[in-house]
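Enquirer: A predicted structure for the sequence below; I have some questions about it.
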Amino acid sequence: MRPKKPAVTLLDGVILTAVLGFFGFFCYRLFFELNYKWNWPVIPTYLVRFDPEQQRWVANVLLEGFFTTIRLSVWAMLFAVLLGFLVGILRISPRLFCRLTGRTYVEAIRNTPPLVLVFIFYYFISDQLFAWLAVEDLFRASPQGVQELLTLLFAGPALITRFLSGVLTLALFQGAYIAEIVRAGIEAIDTGQWEAGRTLGLTRWQLMRLIILPQAVKIMLPPLAGEFINTVKWSSIVSIISIEELTFQGLQVMASTQATIEVWLTVSGLYLVLCLSLSLVVRRIERRLARPDSPYPQMRP
């Protein structure tokens, strides 16, 4: 019988000690040696405020930016998943034109700097597409109840064009990476699954829907979760086009209070809470899919 390895080895202890030592040194330099006047009491006032008209506490600029980041990330990821699945299926199509179309999109997006894409997509989508569709005018002409619902789900009428531009920009950017995840997940399924489906007389769409995709989803889920978290982090880049998400609001608070370190530590903490929450949700979904009673079939070696 082979002896069991200890749960914590000497190397683990050395690494943990080194990490804790570095973290302690960093905190010491930050809080005690840095010639900086801390102003933490100002941060809560930018998180929540008391509204005398409503007679209750409401979100202030930092929390408003946090909620905008959530909305921006959720809508961008939804569109990116739809686009990514479409392009990913095109990438494995038996038709040459479909494969070339999917590959052209993926290569063009993945080999262009994100900041350049933000400017290109924003100025084209905002100045051309949304101006032609008169999105803001339609928003303002809608009934009050509809405006309140759209404001809750997206943004106010003055910000709706920029918000939707940011959503589509992130979706187009992330869609290229999701397309590669979808392609790799489908191609990871054993060819015997395809041959068995064809033997049963299934069409390509039926084969994809009933046999291939349910198995490929389990392979795709971890990298898709990583892309969702990346979408949350990449949403900060749209602050350069004045979308009032968390990073943009952090810049505004920093400019008005000069509390530089406090603001960015708070912003980092909010991003950390959001991303860790997403990681826990995805881990729970992975465990659910791994259960024997899961509706998704288990992968066979």
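Expert: Received, thanks. Here the structure is a predicted model, which is why all the values come from computation and not from measurement.
Enquirer: Contacts only, for residue 234.
Expert: For residue 234, the contacting residues are 114, 170, 173, 174, by C-beta atoms under 8 Å, 6 or more residues apart in numbering. Placement of C-beta: from N, CA and C, glycine included.
Enquirer: what's the closest of those to residue 46?
Expert: residue 170 (25.3 Å; C-beta to C-beta).
Enquirer: Pull the number of nearby residues for the closest one.
Expert: Burial of residue 170 is recorded as 28 neighbouring residues (other C-beta atoms under 10 Å).
Enquirer: same question, residue 58
Expert: By other C-beta under 10 Å, 12 other residues sit near residue 58.
Enquirer: wouldn't it be in contact with residue 51 here?
Expert: Yes: because the distance of 4.8 Å satisfies C-beta atoms under 8 Å, residue 58 is recorded as touching residue 51.
Enquirer: could you check the distance from the residue nearest to residue 109 when sequence neighbours are not counted over to residue 56?
Expert: In space, and not counting its chain neighbours, residue 109 is closest to residue 176: 3.6 Å by C-beta to C-beta, 6 or more residues apart in numbering. Using C-beta to C-beta, to the nearest Å, residue 176 is found at 44 Å from residue 56.
Enquirer: The two: who's more crowded?
Expert: residue 176 (23 against 8).
Enquirer: Tell me if I'm right that the more buried one and residue 106 touch.
Expert: Yes: in terms of C-beta under 8 Å, residue 176 counts as a neighbour of residue 106; the distance is 4.7 Å.
Enquirer: which neighbours do the two share?
Expert: Here residue 176 and residue 106 have residue 87 as joint contacts, going by C-beta under 8 Å, 6+ apart.
Enquirer: Show the subsequent helix or strand relative to the helix or strand bottoming out on mean pLDDT in the chain.
Expert: Lowest on mean pLDDT, DSSP states H and E among the helices and strands of the chain sits helix 131-133, with a mean of 77. Next helix or strand after helix 131-133 toward the C-terminus (DSSP states H and E): helix 135-141.
Enquirer: which strands and helices sit next to that next one?
Expert: helix 144-153, helix 160-187 (3 or more C-beta pairs under 8 Å, 6 or more residues apart in numbering; DSSP states H and E).
Enquirer: Please, where are all the helices along the stretch 151-300 of the chain?
Expert: For the stretch 151-300 of the chain, helices defined by DSSP state H, counting those that start in this stretch occupy the ranges 160-187, 191-199, 204-207, 213-234, 246-257, 260-290.
Enquirer: Output those as JSON lines; include the columns distance to residue 123 and mean pLDDT.
Expert: As requested, the helices of the stretch 151-300 of the chain are arranged in JSON lines below (distance: least, C-beta to C-beta, whole Å; pLDDT from 0 to 100):
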{"stretch": "helix 160-187", "distance to residue 123": "9", "mean pLDDT": "90"}
{"stretch": "helix 191-199", "distance to residue 123": "44", "mean pLDDT": "85"}
{"stretch": "helix 204-207", "distance to residue 123": "38", "mean pLDDT": "85"}
{"stretch": "helix 213-234", "distance to residue 123": "19", "mean pLDDT": "87"}
{"stretch": "helix 246-257", "distance to residue 123": "18", "mean pLDDT": "91"}
{"stretch": "helix 260-290", "distance to residue 123": "27", "mean pLDDT": "86"}
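Enquirer: what about stretch 190-207, how long is it end to end?
Expert: With C-alpha to C-alpha, to the nearest Å applied, stretch 190-207 spans 13 Å between its terminal residues.
Enquirer: mind listing what's buried in it?
Expert: Under the neighbour-count criterion of 16 or more other C-beta atoms under 10 Å, stretch 190-207 has 193, 194, 197, 202, 207 buried.
Enquirer: Farthest pair within those residues?
Expert: Applying C-beta to C-beta across those, the maximum distance is between 193 and 202, 10.8 Å.
Enquirer: so what sits against both of the two?
Expert: Shared contacts of residue 193 and residue 202 (C-beta under 8 Å, 6+ apart): residue 211.
Enquirer: now the residue nearest to residue 109: how far from residue 223?
Expert: Residue 176 sits 13 Å away from residue 223, going by C-beta to C-beta.
Enquirer: Please apply the same query to residue 141.
Expert: For residue 141 relative to residue 223 (C-beta to C-beta), the value is 42 Å.
Enquirer: who has more neighbours, these two?
Expert: Legend: neighbour count by other C-beta under 10 Å for residue 141 and residue 223, higher for residue 223 (17 against 11).
Enquirer: How about the contacts made by that one?
Expert: residue 181.
Enquirer: Please apply the same query to residue 211.
Expert: If you count contacts by C-beta under 8 Å, 6+ apart, residue 211 has them with 193, 196, 197, 202.
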